[in-house]
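A.B. asks: quick one, what's the 3D model for this:
(chains A, B, C, D and E, ligands or ions: 4)
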Amino acid sequence: MIEVKQLKKIFGTNEVLKEINVTVKPQEVVVVIGPSGSGKSTFLRCINMLETITAGHVLIEGIDITDKKTDINKVRTEVGMVFQQFNLFPHKTVIENIMLAPVKVRKVPAEKARAKGLELLRKVGLESKAEVYPDSLSGGQKQRVAIARALAMEPKIMLFDEPTSALDPEMVGEVLEVMKQLAKEGMTMVVVTHEMGFAREVGDRVLFMDGGIIVEEGEPKELFENPKEERTKSFLSKVL
Amino acid sequence: MIEVKQLKKIFGTNEVLKEINVTVKPQEVVVVIGPSGSGKSTFLRCINMLETITAGHVLIEGIDITDKKTDINKVRTEVGMVFQQFNLFPHKTVIENIMLAPVKVRKVPAEKARAKGLELLRKVGLESKAEVYPDSLSGGQKQRVAIARALAMEPKIMLFDEPTSALDPEMVGEVLEVMKQLAKEGMTMVVVTHEMGFAREVGDRVLFMDGGIIVEEGEPKELFENPKEERTKSFLSKVL
Amino acid sequence: MDFRWDLIAEYAPFFLKGTLLTIGLSIVSILIGTVLGLLIGLGKMMKRKLLALPFKWYINFFRGTPLMVQILLVHFGLVPLFLGTTNAIVAAILALSLNSAAYIAEIFRAGIQSIDKGQVEAARSLGMTHVQAMRYVILPQAFKRMIPPLGNEFVVLIKDSSLAALIAAPELMYWGRAMQGQYMRAWEPYLTSAAIYLVLTLSLSFLLSRLERRLATE
Amino acid sequence: MDFRWDLIAEYAPFFLKGTLLTIGLSIVSILIGTVLGLLIGLGKMMKRKLLALPFKWYINFFRGTPLMVQILLVHFGLVPLFLGTTNAIVAAILALSLNSAAYIAEIFRAGIQSIDKGQVEAARSLGMTHVQAMRYVILPQAFKRMIPPLGNEFVVLIKDSSLAALIAAPELMYWGRAMQGQYMRAWEPYLTSAAIYLVLTLSLSFLLSRLERRLATE
Amino acid sequence: GTSETGGTSKTGKTNEGGGEKKTLRVVTDAAYAPFEYQDKGEVVGFDIDFVKAVAKEAGYDVKIEHVGWDPIFVEIKGKTADFAVSAITINKERKQTYDFTVPYFLSKNEILVPKGSSIKSAQDLKGKVVAVQNGTTGQEVTEKILGKNSKDLKKFENNNLAILEMKNGGADAVVADNGVVDTYVKNNPKDNFVVIEDDGAFEKEFYGLLLPKGSELKADLDKAINKVFENGTYAEIYKKWFNKEADIQILKDQQ
Ligand SMILES: Nc1ncnc2c1ncn2[C@@H]1O[C@H](COP(=O)(O)OP(=O)(O)OP(=O)(O)O)[C@@H](O)[C@H]1O
Ligand SMILES: Nc1ncnc2c1ncn2[C@@H]1O[C@H](COP(=O)(O)OP(=O)(O)OP(=O)(O)O)[C@@H](O)[C@H]1O
Ligand SMILES: [Mg+2]
Ligand SMILES: [Mg+2]
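C.D. replies: Numbering: from 1, shown residues only, chains lettered A, B, ... in the order given. Ligands and ions are numbered 1, 2, ... in the order given. The predicted model follows:
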């Protein structure tokens, strides 16, 4: 469960998030759409404090991460994140990528972490790639490893920042498939994406952001077919 | 008119194009699709000799460009090319980008070239940006300038290599619009793209490439709805 | 430790003279070195390996041996061969120019190679010849990227010019050593010259970083 | 020009001795310089500007003044202050280490900064602390990128060690100068030492490029 | 006699007298032929032979180390060497900071010029380019004629470079100690250099062994030097290096 209250983020003089109020319920899948520069990534990054928050509060499972006393590293283990650029560790093999955080952060014994890692690789369809280095993988495979790596920490929430937009078109499907599976299993997810098919199919709610605010939100079908705001309409007309 | 006869291209030991035979008739719009690495870009680059051709012949308006005696620079002025990464000249303003080749290559007087350039900018909807540098443009604007720049040489043929795949989704439309206009005006075009909507709407013919050969070709509607080859089917199922 | 400020005051005019010569030597050498370096860089980039070879070895020699050897060789070997007499200033300028040319040649090459090859392709696809693409598209961009490393090479050159003291060219370091020889003291002359070099190199770096910032926002 | 090969033959044992000392000096100095450089690099990267300042000025000083000044200062000023006596080898190693440390600090910093910041973000988002992200993710990648510039710094150090001749450390250049002093000839001693330096630096460059290639394909 | 200076090392070897034979650390700048220079790595020269004779007479072993000119003064001031021999001229300024033994060599500066030069005396140096070794008395006397830090004066790190400069045409004359100049001319007749003496312009100078201020070694060494003068060893060494008879009387007159 994520509660975002009056969140503000200013870079220098650029007010990137103006006042964001959102609650993501357990097991909910929220899709965020909006034009480039509207603040979607920044919003996501504020949720696990990759950006310092200028004002407002973010509560993860009831814990206020903007509170100085909160151990942010502990909170982050509860929140997995998948980036547009994968950000796999190139000097480690696929299985090492997955095991690193459980072993070093959670102090899971290496054997157990490996077994868990292999299980996750099986889940994303890559058990045969455990011992190779990321460089030899295709984009779609990299992104699936990145998802497995995030899942290895057993997070309660997963954040996705345009996970398919750096991929060649024929690889988009395999990544979305993994994400759909995850949604079905009841993971709480916040997904920034331009894949409207995915939003329609698995999204519980869509947020349309522009200029640092949430302009409109609603069920996917409703929002895509009957946008209320002018800005939403003009954006959807370009993208759909 | 482009005639490609038994075209082969080998990089080192990697046979990227195996034997390509294609004829593009005047005013025809040919769309090339296919998975990553299938040789689409290489095919396009061979048509205006950005790659040296290993074997076979390419005739542009009847002139064999693989013939050593052919002045390739002269042929290239007949063939405009638009790249995925725009490749605008960052040290020149928009109008200078457009004027450079006409003035230096065709020896058009600067005044005339400028007038022509402004006209082309109007055509792509960017007359107000003539004096700015490319860095201050959005991706979609850059690509439209790149198209105007290629058109300034008054080419008989235009080649497009994934012109929209480096763009944010909401900017794809504006570039495709310019290309549709061009097609309507009767430009001969070869377009590598994943925009199936565009292919359907303006493509006269679709080529599906895989592994360095043209696996299947046909009218867009026909090919998309009734692919004959197994490989075409599996590719289309991922992309559509 | 007693630090004799009076000695520094006494030598101040000489340090001033020396500083001016240091600046002069450096400026002349960086200018000659830049011209030479461009030619050598172009030479090394020639497609025919055999023609490029002498340029490659020029660069290897001047980057692979100490400047001290080069200065002594030029002063006692090369210059007398041509002028019939030694001339410390000529030798210093010659050695510094030849040396920096080797580094500048590489800067030039790196500058050209750093330009995205999409730029040449765009230029060629518009019908420009290779020479036109170089002249109108590649070189203007490469020159802009060369400014920071060239500036850096200038800083290096200012410091390297101190080796001219060994052949008695009366630049900054020469006077530091003369002062040391006269009073048999180490801290005063060497700290003074160090401070002056520092002022020279830091001011240059400062100017360069401002220039870079101006170019960046252009 | 008569070139006296016999003189070179006569001095061959000394050139050999000098070469060995040159190699020894360079190796010891690059090792000390690397350790020091890492510390100084870390120091300069500290978030608190005030704490980082001394490290910044250390780097400014050693990069902004000629090595010749530094060697003379260390030899006549610093070493006697601590040892009570001059010692050319100690002074040479100290000056070369301190000098190269300044450059290595910058190499280190550049190596760390060259790692895509997505790497830290990925590590942090997995719950790693800043130190863990550094240790398991950033440093291993940064070290690999540091190898080429470190190797380059080693080449520079070999050449720079020739300045130790000025304080009578009997390395390669020293014997070149001794030979020149004995026979009053310039070409033989200096071309010989230039050739030896060239062999040293080119072999090192060759080894480095092989190492780089191996690391790249790993 | 013992020395309290640091840097001396006990050899542990005992001589027949039963007392300890100490090894003294002696520093020099071995770039000053024929007084001290390196013959393919070994420090040799008139000064070296002389010091060895004196040390033997005084009952010490010596270890001679080439440290370069400037470091000599650092070492002696810091008492990290017992004494220095390096054709060091005794003068007032140096006496303020250091002790010297009695003089052991008469020296004067001479002018080295190419044959046929118009320079015939010290005054002729005016307007000519002169190369000297930085920090020597040769530099001092030349500066008296040309003016301090004159632009016509080229200061090199050692006399070798100064002479090479003249040989290559970069200087009209070199001013240096007679011992250096004479030996150079003797060993390099092909260069066609001639020596010009100007006793009127260049004062006599005397070399001494340089000691830390207040060194207890001075007495021992002075005594031994006089012995070396008297028993003929000095004349022998002098003859060997300069092929001339030594004038011992003029040295003794200085004491
Ligand atoms: N580190 C930063 N420093 C300064 N400004 C930043 C920074 N990161 C983002 N911004 C600015 O914040 C605004 C919103 O950026 P953000 O990346 O959140 O947008 P986005 O909606 O994710 O866009 P995109 O679809 O292009 O990823 C932009 O104007 C951007 O320039
Ligand atoms: N300059 C080159 N040198 C060596 N191999 C090359 C070169 N350019 C392309 N290739 C190889 O040729 C093959 C085809 O590349 P090409 O760029 O034509 O594919 P593509 O169909 O355009 O793919 P994409 O959709 O990723 O752009 C690939 O295997 C690629 O690695
Ligand atoms: Mg974003
Ligand atoms: Mg391609």
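A.B. asks: point out where the chain drops to low pLDDT.
C.D. replies: Looking at chain A here, since you left the chain open. Under the criterion pLDDT under 70, no range of chain A is flagged.
A.B. asks: actually chain E
C.D. replies: For chain E, the stretches with pLDDT under 70 are E:1-20.
A.B. asks: for chain E, just list every one of the helices.
C.D. replies: In chain E, the helices defined using DSSP state H lie at E:46-58, E:69-77, E:92-97, E:137-146, E:159-167, E:178-187, E:217-230, E:233-242, E:248-253.
A.B. asks: list just the one of those helices that sits closest to chain B.
C.D. replies: Relative to chain B, the nearest member of these by C-beta to the nearest C-beta is helix E:159-167, separated by 50.5 Å. C-betas here are computed from N, CA, C, even on glycine.
A.B. asks: tell me what angle the closest one forms with helix E:178-187.
C.D. replies: 60 degrees (axes from the mean of the first three to the mean of the last three C-alpha atoms, to 10 degrees).
A.B. asks: from the chain's centre, how far out does helix E:159-167 sit?
C.D. replies: Here helix E:159-167 shows a centroid-to-chain-centroid distance of 18 Å under the convention C-alpha atoms, centre = their mean, to the nearest Å.
A.B. asks: so that helix versus helix E:137-146, what angle?
C.D. replies: Using the same axes, to 10 degrees, helix E:159-167 lies at 40 degrees relative to helix E:137-146.
A.B. asks: so which of the helices of chain E is nearest residue C:119?
C.D. replies: For those, the distance to residue C:119 is smallest for helix E:159-167, at 52.1 Å, taking C-beta to C-beta.
A.B. asks: returning to what we had before: would you reformat the helices of chain E as a markdown table and include distance to residue D:124 and mean neighbour count?
C.D. replies: Shown next, in a markdown table, are the helices of chain E (distance: least, C-beta to C-beta, whole Å; neighbours: other C-beta atoms under 10 Å in any protein chain shown):
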| stretch | distance to residue D:124 | mean neighbour count |
| --- | --- | --- |
| helix E:46-58 | 69 | 22 |
| helix E:69-77 | 54 | 24 |
| helix E:92-97 | 63 | 11 |
| helix E:137-146 | 66 | 21 |
| helix E:159-167 | 61 | 25 |
| helix E:178-187 | 71 | 20 |
| helix E:217-230 | 70 | 19 |
| helix E:233-242 | 77 | 17 |
| helix E:248-253 | 82 | 13 |
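A.B. asks: which one of those lies closest to ligand 1?
C.D. replies: Among the helices of chain E, helix E:69-77 comes nearest to ligand 1, with 55.6 Å by C-beta to the nearest ligand atom.
A.B. asks: so residue A:159 makes contact with residue A:48?
C.D. replies: Yes - here residue A:159 reaches residue A:48: they are 6.7 Å apart, a contact under C-beta atoms under 8 Å.
A.B. asks: between the two, which contacts overlap?
C.D. replies: Shared contacts of residue A:159 and residue A:48, defined by C-beta atoms under 8 Å, 6 or more residues apart in numbering or on different chains, comprise A:79, A:81.
A.B. asks: residues contacting the spatially closest residue to residue A:209 that is not a sequence neighbour?
C.D. replies: Excluding the flanking residues, the one nearest residue A:209 by C-beta to C-beta, 6 or more residues apart in numbering or on different chains is residue A:34, at 3.7 Å. Listed by C-beta under 8 Å, 6+ apart, the contact set of residue A:34 reads A:40, A:207-210, A:215, A:235.
A.B. asks: residue numbers of chain C in contact with ligand 2?
C.D. replies: Residues of chain C lying near ligand 2 by C-beta under 6 Å from any ligand atom: none.
A.B. asks: and the longest helix for chain C?
C.D. replies: Max-length helix for chain C by DSSP H is helix C:5-44.
A.B. asks: buried residues in that one?
C.D. replies: C:7-8, C:11, C:14-15, C:17-19, C:21-23, C:25-26, C:29-30, C:32-34, C:36-38, C:40-41, C:43-44 (16 or more other C-beta atoms under 10 Å in any protein chain shown).
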